[in-house]
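A.B. asks: My questions are about this predicted structure, shown below with the sequence.
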Amino acid sequence: MDDARTLIGRDAKLRRGVLGYAYKVTRSPDRAQSLAQEAFVRVLEGKGWFAWDPAGDKPLFGHLCSVVDSLLANERARLSSRREIAPKDDEEPDKVDSSPNVEAQAEALDTHDEHMELARQVMERLDDQARRMLELVEADDDDPRPLAERLGCTPEELRRARERVAYHRNAVLEEHARKGRRS
């Protein structure tokens, strides 16, 4: 009996048949080519479930088609876990729904609420000057003098206010991390 490597290498009809099957289930020439090639590689590597048994009850063609089905199912599962939808027959492959699922939206809201609570805790610890500095700070303003003038302080006092903000931010984050390890 021939092994998978010999049969795949020798039988062009088998190779075309697997490619045709992959096209039938994907309706995309590119995806079909990719899936068929991946199926051939997996069967030729012969690791685990992908190994073909010539003495088994399934012919090589059927086994390769099963591998294509498995690869496609895994691909679709990965896409659905990211809430993307594999393109249908008449759609362009680049158009996918990447909106987060309900669980991801809820987790994002929880994370946002948690970050807002941590920011509130930092703000509670700050003095008035540091709070006003944060309210007025402009992200793209590297020169501290205009901000210091608006706050009615020196650039050195502004620098120290920023250090206090960083200190209290780090303290709140550290406390939060310790609470997370305990629960």
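C.D. replies: Yep, it's here. Just so you know, these numbers come straight off a predicted model, no measurement behind them.
A.B. asks: From now on I want contacts and neighbour counts done on CA atoms only, so please keep to that.
C.D. replies: Will do.
A.B. asks: quick check: longest helix of the chain.
C.D. replies: Ranked by residue count under DSSP state H, the longest helix found in the chain is helix 155-182.
A.B. asks: Leaving out chain neighbours, which residue sits closest to residue 123?
C.D. replies: Nearest non-adjacent residue to residue 123, counting by Cα to Cα, 6 or more residues apart in numbering: residue 131, 6.7 Å away.
A.B. asks: what's the angle from the helix or strand where that neighbour lies to helix 155-182?
C.D. replies: Element membership for residue 131, per DSSP states H and E: helix 128-136. Helix 128-136 and helix 155-182 are oriented at 90 degrees to each other (axes from the mean of the first three to the mean of the last three Cα atoms, to 10 degrees).
A.B. asks: contacts for helix 128-136?
C.D. replies: When contacts are defined by Cα atoms under 8 Å, 6 or more residues apart in numbering, helix 128-136 is touched by residues 123, 147, 151, 158, 161, 162, 164, 165.
A.B. asks: Beyond that helix, next helix or strand please.
C.D. replies: Remark: after helix 128-136, the chain's next helix or strand is helix 144-151, criterion DSSP H and E.
A.B. asks: Neighbours of the residue nearest to residue 123, how many?
C.D. replies: 18 (other Cα atoms under 10 Å).
A.B. asks: Could you report the distance from it to residue 158?
C.D. replies: As judged by Cα to Cα, to the nearest Å, residue 131 and residue 158 stand 11 Å apart.
A.B. asks: Where in this protein is the helix or strand with the lowest mean pLDDT?
C.D. replies: helix 102-125 (a mean of 70; mean pLDDT, DSSP states H and E).
A.B. asks: any weak-confidence spans in this protein?
C.D. replies: 1, 80-112, 135-142, 181-183 (pLDDT under 70).
A.B. asks: just to revisit the earlier point, tilt between the helix holding residue 131 and helix 144-151?
C.D. replies: Using the same axes, to 10 degrees: helix 128-136 against helix 144-151 is 110 degrees.
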